[in-house]
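J.: Sequence first, predicted coordinates after that:
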Amino acid sequence: MKFDSTPTLLQSFSRSLLLVAVAGFTLASCKEETPLDQAAPTSRRSVDEKAAAAEAETLLSELASSTGVSKESLANGRRTRFTPEQNVFLPNLLAVDFKARTATLPLLRGIGPSGEPTYFIVTEAASYNVARILGVNYAPKLIYGRDTDGSQEVTFERGTIRFKGDVDFSPVRRLRAGTTSTFPPSLAQPGAVGDAEYSSLVVLPSGTVINAQIVANRTGLHDRAVDINYRRGTVTMQILDGFQGGDQFFFHLVTDSSDPVAATIELGVYAPRLGNLPTFGLSTEYDESALLAFSPVANGITGVGNPQRQGLNSTIADGDLDPINIFPLDPENGKQFGNNYSPMWDAHVSMWTEAAIAAGKRRRITGFDDLADLVEKGYVTSFSGSNGLPNGFVADLMPTNLIINCPVIAQPAARLVPSNL
């Protein structure tokens, strides 16, 4: 993978520059589709829970066959493969290495729109029963993405998912700091691009929703994939650090983003269709929104090895180190009702004010409570490219109208993580 980065200092932002950053970049064209042997689900219908369970069992059987791991172990891996101190959320995770910052997940074989093989992972389900069968995170909010232009309806063909959309992994990722500031960048070209039909919010024929992300096909591999074994049905991917509830090491996996700049910075797939998911700026469990607010920092402290390093500017300037974003809550996979988790994170980007920087107040932000305190003191505010109404769920910051698909993997005890992270 080629990479181009030139660090400078963050001074200002304009939304127009965000467009300039990707000027000239051509979206991957839709590939010709072939007829499918099963009709797509009817729009607005209710979920057929019996059919959804059968679909989940079909996928689980394929996972068990390809990985050699029993169905029972895949569904309950959080208890059978990991210790309480590792605090793994995703039940079907096969392995995690906090030193190398990698997670190994079971890999499924699907069919792309051209009829060629495509390989994907599943990390969430909107149905409590389907999540338990597959051993994935339970994310009920995802159901609100169904029947919208942000979803992708798929079919089953001989027990295998056939996708309408696909991903081109062949582009060379390019990222260059801005001419007057590090972030936003002056050049941001994603290393992978989804076509107009591709979305990782996948609607199965039963009407239920899963988070299924394509990570490999004939064009190449996901930029965060460090190893893939097609014969054993596994893929190992880089995981990123973050803060939640005042604690660090909230490890998550970036797969896709609705925004080309975010996709480039986070090494994800640029999936513009995700941008049609409802609804930016709505984050409570009572909102009919598939999204959940989180808060990246635009202009934190930079410098490899600096214990206060944090921010999108740091990722650009410091050679792809984690931006260390701030998240509101854990997945609660045993909580069937009142569950507000979603992996479709609605970015409410914060920025330190010039006065706070001049006064030496800038440091790592460690959680939503800390963020709210800093906003109240006037040290932190909404990023100048934000729009929309203030969101009370996230310290009255405004959304930036971009989504990053980040399934949460684990939040281990600090002693299990190397101190240099």
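T.: Perfect, I can see it now. All of these numbers come straight from a predicted model, not from anything done at the bench.

J.: so how far is residue 216 from the residue lying farthest from the centre of the chain?
T.: In the chain, the residue that sits farthest from the middle, by C-alpha atoms, centre = their mean, is residue 359; the gap is 34.5 Å. Distance, residue 359 to residue 216, using C-beta to C-beta, to the nearest Å: 48 Å. Bear in mind the C-beta positions are built from the backbone N, C-alpha and C, glycine included.

J.: Repeat that for residue 230.
T.: For residue 230 relative to residue 216 (C-beta to C-beta), the value is 8 Å.

J.: what touches both of these two?
T.: 107, 119 (C-beta atoms under 8 Å, 6 or more residues apart in numbering).

J.: Between these two, which is the more surrounded one?
T.: residue 216 (21 against 13; other C-beta atoms under 10 Å).

J.: List the pairing partners of the helix or strand containing that one within its sheet, with orientation.
T.: Element membership for residue 216, per DSSP states H and E: strand 209-217. Here strand 209-217 has these sheet partners by DSSP bridges: strand 117-125 (antiparallel), strand 201-203 (antiparallel), strand 220-221 (antiparallel).

J.: Which of those sits closest to residue 325?
T.: strand 117-125 (17.4 Å; C-beta to C-beta).

J.: If you average the pLDDT over that closest one, what comes out?
T.: Across strand 117-125, pLDDT averages out at 98.

J.: repeat for stretch 377-389
T.: On average, stretch 377-389 scores 94.

J.: Buried residues in that stretch, which are they?
T.: 379-383, 385-386, 388 (16 or more other C-beta atoms under 10 Å).

J.: remind me which residues of this structure are low pLDDT?
T.: 1-45, 420-421 (pLDDT under 70).

J.: ok so, going back, sort out which of the buried residues of stretch 377-389 are in strands and list them.
T.: Of those, the ones assigned to strands by DSSP state E are 380-382.

J.: would JSON lines of the residues you listed with distance to residue 197 be doable?
T.: Output for these, formatted as JSON lines (distance: C-beta to C-beta, whole Å):
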{"residue": "380", "distance to residue 197": "39"}
{"residue": "381", "distance to residue 197": "38"}
{"residue": "382", "distance to residue 197": "33"}
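
J.: Pick the one among those residues closest to residue 48.
T.: residue 382 (42.2 Å).

J.: Quick check: beta-bridge partners of that closest one?
T.: residue 350.

J.: can you pull the contacts of it?
T.: So residue 382 contacts 348-351, 390, 397-398 (C-beta under 8 Å, 6+ apart).

J.: from the residues you listed, which two are the most distant?
T.: Top of the distance list for those (C-beta to C-beta): 351 and 390, 14.8 Å.

J.: Those two - which one has more neighbours?
T.: residue 351 (26 against 16).

J.: Report the separation between that one and residue 147.
T.: Distance, residue 351 to residue 147, by C-beta to C-beta: 36 Å.

J.: returning to what we had before: now the contacts of residue 382 in a markdown table, with distance to residue 328?
T.: A markdown table is the format used below for those (distance: C-beta to C-beta, whole Å):
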| residue | distance to residue 328 |
| --- | --- |
| 348 | 10 |
| 349 | 15 |
| 350 | 13 |
| 351 | 19 |
| 390 | 16 |
| 397 | 12 |
| 398 | 16 |
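
J.: Among those, pick out the one closest to residue 262, please.
T.: residue 349 (9.5 Å).

J.: hang on, the earlier thing: nearest to residue 266, of the contacts of residue 382?
T.: So of the contacts of residue 382, ranked by how close each gets to residue 266 (C-beta to C-beta), first place is residue 349, at 12.6 Å.

J.: Hmm, that closest one is touching residue 394, no?
T.: No - using C-beta atoms under 8 Å, residue 349 makes no contact with residue 394, being 10.4 Å away.

J.: list the residues that contact both of the two?
T.: Counting by C-beta under 8 Å, 6+ apart, the residues touching both residue 349 and residue 394 are residue 295.

J.: what's in contact with stretch 108-121?
T.: 30-34, 59, 62-63, 66, 105-107, 122, 157, 160-167, 197, 212-218, 228, 230, 233, 235, 255.
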